[in-house]
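> sequence isn't available, so here's the structure alone:
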């Protein structure tokens, strides 16, 4: 029998999948209670959270 080299195929996560995972972390179902309590002001909190989360994530991914 001949030794066959096993080829390992590298698979990468797509940009869309990475983006959706990050968005689900910031705007997940657990945040709905706070969003209903704070009302429209929660948009500001989500924007601050998104900036503080997505900019370091983008720098690490780059």
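That came through fine. None of the values given here were measured: they were computed from a predicted structure. Residues are numbered from 1 along each chain as shown.
> which residues are in contact with residue 24?
Applying Cβ atoms under 8 Å, 6 or more residues apart in numbering, we find residue 24 in contact with no residue. Quick note: C-beta positions are derived from backbone N, CA and C, even for glycine.
> now do whichever strand or helix holds it: distance to the chain's middle.
Residue 24 is part of helix 15-26, with elements assigned from DSSP states H and E. Mean C-alpha position of helix 15-26 versus that of the full chain (Cα atoms, centre = their mean, to the nearest Å) differs by 3 Å.
> for the helix or strand that comes right after that helix, the distance to its chain's centre please.
Proceeding N to C from helix 15-26, the next assigned helix or strand is helix 32-38, under DSSP H and E. From the chain centre to the centre of helix 32-38 is a distance of 21 Å (Cα atoms, centre = their mean).
> then stretch 49-62?
9 Å.
> name the residues of it that are buried.
Within stretch 49-62, the residues scored as buried using 16 or more other Cβ atoms under 10 Å are residue 54.
> other residues contacting that stretch?
Contacts for stretch 49-62 (Cβ under 8 Å, 6+ apart): 18, 22, 25-26.
> buried among those? Make that a ChimeraX selection.
Remark: buried members of those, expressed as a ChimeraX selection using 16+ other Cβ under 10 Å:
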select :22
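> nearest to residue 11, of the contacts of stretch 49-62?
residue 18 (13.3 Å; Cβ to Cβ).
> ok, the spatially closest residue to the closest one that is not a sequence neighbour to residue 10 distance?
Nearest non-adjacent residue to residue 18, counting by Cβ to Cβ, 6 or more residues apart in numbering: residue 61, 7.2 Å away. For residue 61, the distance to residue 10 (Cβ to Cβ, to the nearest Å) stands at 17 Å.
> what sits against the most centrally placed residue in the chain?
Compute the mean C-alpha point of the chain, and by Cα atoms, centre = their mean the closest residue is residue 22, 1.2 Å away. With contacts defined as Cβ under 8 Å, 6+ apart, the neighbours of residue 22 are 53-54, 57.
> pull the helix or strand with minimum mean pLDDT from the protein.
Across the helices and strands of the chain, the lowest-confidence element by mean pLDDT, DSSP states H and E is helix 32-38, at a mean of 77.
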